[in-house]
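*Asks:* What shape does this take:
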Amino acid sequence: MKYDHPELLDRLAAAYVFGTLGRLPRRRFERLVRSNEAAARALRTWEMHGAALAAAVPPVQPSPAVWAEVERRTGAAPRPRPTAQRRWRDWLRPALGFAFGLLVAVGVVREQPQWVLPSDLPEHAVLPASYVGLMLDAAGKPAALASSRRHGVELSVKLLQPLVVPEGAEAVLWALPKDGAPFRLGVLRTDAKQVITMAGTSEALLAAVGELAVSIEPVGAAAAQPSGGFVLRGHCVKLW
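*Replies:* Predicted coordinates:
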């Protein structure tokens, strides 16, 4: 196999980061990274993509049933834990919560890569610089994903679950800057896939935006600010 093609190295690095390479190809790629700077650079790029996706999903606290199953499988349940072990367990729980959040983000890309890759890219193409927002519902489940190229004016939105909009109302997509008031990006339909044309480029509008959110507003109100709470909300990150 020739490893002098950037597209091939990009594809291998993405598969390595998201865990889709088999055991033997994974070992071969690890050896390649140690001797090939282009492969190492591709791996670093996709590791940064993975970190950005992890940031898009908030940490999830494992349920008590998870810990009960860990105790059962390790044989720890019948024995009282010493104080040191309790401290170790309490330290580990937040770390596992972050890992669970990372697995959710990685699972989105692994199972549905087309949700992040623009549809007009050729097969095996390198992911262009993009802004990506993953919005969750009130239960913390992924509900909508928005993506736009860095200098594009179109925001592609994919609903991961149905969007319920009462009669006489509309779903408004908001950008929530890290410092500043929310501003409208557009109105969402109930279509599973749709495109919103923004008032400017992603770089101009989203560079300082930390989150995206959806609120339900009266039809035609054109409110400058959300009138109530958000039905969907999640982080917006840049991938490049």
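
*Asks:* continuing past the worst-scoring helix or strand of the chain on mean pLDDT, what's the next helix or strand?
*Replies:* Sorting the helices and strands of the chain by mean pLDDT, DSSP states H and E puts helix 83-111 at the bottom, at a mean of 48. For helix 83-111, the following helix or strand on the C-terminal side (DSSP states H and E) is strand 130-136.

*Asks:* where do the helices sit along this protein?
*Replies:* Per DSSP state H, the chain carries helices over the ranges 6-17, 23-35, 37-55, 64-74, 83-111, 202-206.

*Asks:* For the second one, name the packing helices and strands.
*Replies:* Where contact means 3 or more C-beta pairs under 8 Å, 6 or more residues apart in numbering; DSSP states H and E, helix 23-35 is packed against helix 6-17, helix 37-55. (C-beta placed from N, C-alpha, C; glycine too.)

*Asks:* Of those helices, flag the one that's most buried.
*Replies:* Comparing the helices and strands packed on helix 23-35 by mean neighbour count (mean count of other C-beta atoms under 10 Å), helix 6-17 comes out on top with a mean of 19.

*Asks:* Next, the angle from that helix to helix 23-35.
*Replies:* 120 degrees (axes from the mean of the first three to the mean of the last three C-alpha atoms, to 10 degrees).

*Asks:* Begin at 3, not 1, for the rest of this chat.
*Replies:* From this message on, residue numbering opens at 3, which makes the last subject helix 8-19.

*Asks:* average pLDDT for helix 8-19?
*Replies:* Helix 8-19 carries an average pLDDT of 83.

*Asks:* How is the chain partitioned into domains?
*Replies:* Per automatic domain parsing, the structural domains of the chain span 8-59+109-113, 66-100, 132-241.

*Asks:* Now tell me which of those the model trusts least on average.
*Replies:* domain 66-100 (a mean of 58).

*Asks:* Okay, buried residues for stretch 66-78 please.
*Replies:* Across stretch 66-78, burial judged by 16 or more other C-beta atoms under 10 Å covers residue 69.

*Asks:* so how far does stretch 165-173 reach from one end to the other?
*Replies:* In stretch 165-173, first residue to last residue: 8 Å (C-alpha to C-alpha, to the nearest Å).

*Asks:* Buried residues, it. List them.
*Replies:* 165, 167, 172-173.

*Asks:* Most widely separated two among those?
*Replies:* 165 and 172 (10.6 Å; C-beta to C-beta).

*Asks:* quick one: common contacting residues for the two?
*Replies:* residue 190 (C-beta atoms under 8 Å, 6 or more residues apart in numbering).
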